[in-house]
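> structure, please.
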Amino acid sequence: MNILVLPGDGIGTEITDATLRVLHAVNANHELGLVFEFADIGFAALAKTGTTLPDEVLARARECDGILLGPISHLDYPARDKGGVNVSAAFRVKLDLYANVRPARTRPGLGRGHAAMDLVIMRECTEGFYPDRNMHAGSGEFMPTPDIAMSLRKITRHACERIARRAFDLARRRQKQKRVTAVHKANNFILTDGLFLEVTRTVAREYPDIELEEIIVDAMAARLVRDPGRFDVVLATNFYADILSDLASELSGSLGLAGSINAGETRCAAQAQHGSAPDIAGRDIANPTSLILSAAMLLEWLAEHRGLRAGEKAARSIHNAIDSALAEPKERTHDLGGPLGTRAFAERVVGRLA
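Now for the predicted structure:
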């Protein structure tokens with residue numbers, strides 16, 4: 001199976017190298033047959049081709065079995081007409097990677113809250129409040145006069161239905177609390193969040209073994225801090241889930257511990273939840289855990305959707321190795337109070353894979 005590796009910007013090269021060390025190890029240990037190929041995106045591609053996302057890279061992403069996508073510095077890119085394409089958004093929309101799956105769980109000695117948690121946020125990421133994903137042409141954000149700024153939100157029945165079904169499927173597979181929590185603000189966004197809830201309730205009737213609860217987004221933020229352990233699968237539209245997933249990951253210990261995939265029906269990209277952190281790039285201090293765990297999630301997806309033999313077992317070995325390393329304070333990275341740099345932490349994880 002071919003994996004397209006796109007290191008990205010800032011710390012992207014460092015954490016991608018660390019992740020590849022782990023993937024090469026499980027590739028050999030479990031005879032996965034993974035083949036890695038590389039391409040430039042972000043500033044590296046901009047310097048060579050005049051765009052942060054060359055057409056041939058997107059075309060190759062459609063052909064490969066999986067994608068390892070490093071962090072990008074899209075806020076620092078030039079305007080779109082000068083080549084500054086938001087790579088992450090473009091992949092999600094153009095490859096229809098509509099499900100951004102973001103787990104968050106505590107580990108001994110690392111959680112920032114008083115309670116344990118083990119939840120997954122299922123985020124719809126192809127529409128919602130994001131103006132670069134709302135229009136067939138142009139942007140959903142505009143200024144009719146110099147003193148008025150406006151933004152459109154798009155919610156469709158199709159997108160709500162498929163992300164809801166993914167959430168209920170996941171709750172059934174997890175076999176934990178068997179609950180989906182739908183997050184909304186239908187008391188104010190009566191039509192848009194109302195449509196989201198209507199569709200979610202319809203889908204829920206197909207899963208009588210899974211409980212559906214509905215919580216307003218501001219109350220959800222409070223409950224996530226107060227009692228995160230009561231949540232199993234959290235379902236939300238793009239904007240709400242983006243914010244809540246960062247909150248959940250920070251409560252679990254750090255954004256640097258949060259894996260993430262962007263998945264569609266036929267394609268999947270592993271991508272760390274955090275950004276490119278250019279202020280620490282090149283210093284060998286970035287925590288690669290998020291991208292390593294994202295790669296493990298990609299292996300799980302390939303096992304389920306592409307029949308990757310031993311993919312799930314390889315992914316489980318990565319999760320176990322990460323947990324084992326993080327259990328030892330002396331084997332944590334600097335951001336978690338440990339002494340290790342990016343490369344050294346990857347070596348510890350590789351050493352624990354057996």
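> quick check: closest non-adjacent residue to residue 143.
Counting by C-beta to C-beta, 6 or more residues apart in numbering, residue 143 lies nearest to residue 149, which is 5.1 Å off, once chain neighbours are set aside. The way it works is simple: take the backbone N, C-alpha and C, and place the C-beta from them, glycine included.
> now the helices for the stretch 51-200 of the chain?
For the stretch 51-200 of the chain, applying DSSP state H, counting those that start in this stretch gives helices covering 55-63, 87-94, 157-174, 192-204.
> what are the buried residues along the longest one?
Under the neighbour-count criterion of 16 or more other C-beta atoms under 10 Å, helix 157-174 has 159, 160, 162, 163, 164, 165, 166, 167, 168, 170, 171, 174 buried.
> same deal with stretch 59-74?
Within stretch 59-74, the residues scored as buried using 16+ other C-beta under 10 Å are 60-61, 64-74.
> state the mean pLDDT of the helix or strand encompassing residue 290.
Element membership for residue 290, per DSSP states H and E: helix 289-305. Helix 289-305 comes out with an average pLDDT of 97.
> could I get the buried residue list for the very next helix or strand once past that helix?
Heading C-terminal from helix 289-305, the first helix or strand you meet, by DSSP H and E, is helix 311-326. By neighbour count on 16+ other C-beta under 10 Å, the buried set for helix 311-326 is 311, 312, 314, 315, 317, 318, 321, 322, 325, 326.
> how about stretch 8-21?
For stretch 8-21, burial by neighbour count (16+ other C-beta under 10 Å) applies to 8-21.
> which stretches of the stretch 151-300 of the chain have low pLDDT?
Low-confidence segments of the stretch 151-300 of the chain (pLDDT under 70): none present.
> OK, contacts around residue 176?
By C-beta atoms under 8 Å, 6 or more residues apart in numbering, residue 176 lies in contact with 118, 232.
> apply 10 Å and report the result again.
Shown in contact with residue 176 (C-beta atoms under 10 Å, 6 or more residues apart in numbering): 118, 119, 120, 231, 232, 233.
> looking at these, which one is closest to residue 102?
For these, the residue nearest residue 102 by C-beta to C-beta is residue 120; the value is 6.8 Å.
> could you chop the chain up by domain?
The chain breaks down into these domains under automatic domain parsing: 1-111+254-354, 114-252.
> quick one, phi psi at residue 86?
phi -70, psi 100 (degrees, to the nearest 10).
> that one is in contact with residue 76, isn't it?
No: using C-beta atoms under 10 Å, residue 86 is not in contact with residue 76, being 11.3 Å away.
> pick out whichever of these two has more residues nearby.
With neighbours defined as other C-beta atoms under 10 Å, residue 86 and residue 76 compare such that residue 86 has more, 19 against 13.
> wait, residue 135 touches residue 151, no?
No: Residue 135 sits out of contact with residue 151 when judged by C-beta under 10 Å, with a separation of 11.2 Å.
> from memory residue 284 sits against residue 342, does it?
Yes: contact criterion C-beta under 10 Å: residue 284 and residue 342 qualify, at 5.1 Å.
> of those two, which one has the most company?
Neighbour count, other C-beta under 10 Å: between residue 284 and residue 342, residue 342 has more, with 21 against 17.
> spit out the residues that contact residue 135 and residue 151 alike.
Common contacts of residue 135 and residue 151 (C-beta under 10 Å, 6+ apart): 141, 142.
> let me know the distance separating the most centrally placed residue in the chain from residue 101.
Centroid-nearest residue in the chain, with C-alpha atoms, centre = their mean: residue 260, separated by 2.8 Å. Remark: distance between residue 260 and residue 101 (C-beta to C-beta, to the nearest Å) = 7 Å.
> ok, and the closest non-adjacent residue to residue 98?
Once flanking residues are discounted, residue 98 sits nearest to residue 126: 4.7 Å by C-beta to C-beta, 6+ apart.
> list the residues that contact that neighbour.
Neighbouring residues of residue 126 by C-beta under 10 Å, 6+ apart: 89, 92-100, 133-134, 154, 156, 158-159, 162-163, 238, 262, 264.
> quickly compare the domains of the chain and say which is most buried.
Of all these, domain 1-111+254-354 has the most neighbours on average by mean count of other C-beta atoms under 10 Å, namely a mean of 20.
> quick one: distance of that domain to the chain centre.
In terms of C-alpha atoms, centre = their mean, to the nearest Å, the centre of domain 1-111+254-354 is set 9 Å apart from its chain centre.
> distance between the ends of it?
Using C-alpha to C-alpha, to the nearest Å, one end of domain 1-111+254-354 lies 23 Å from the other.
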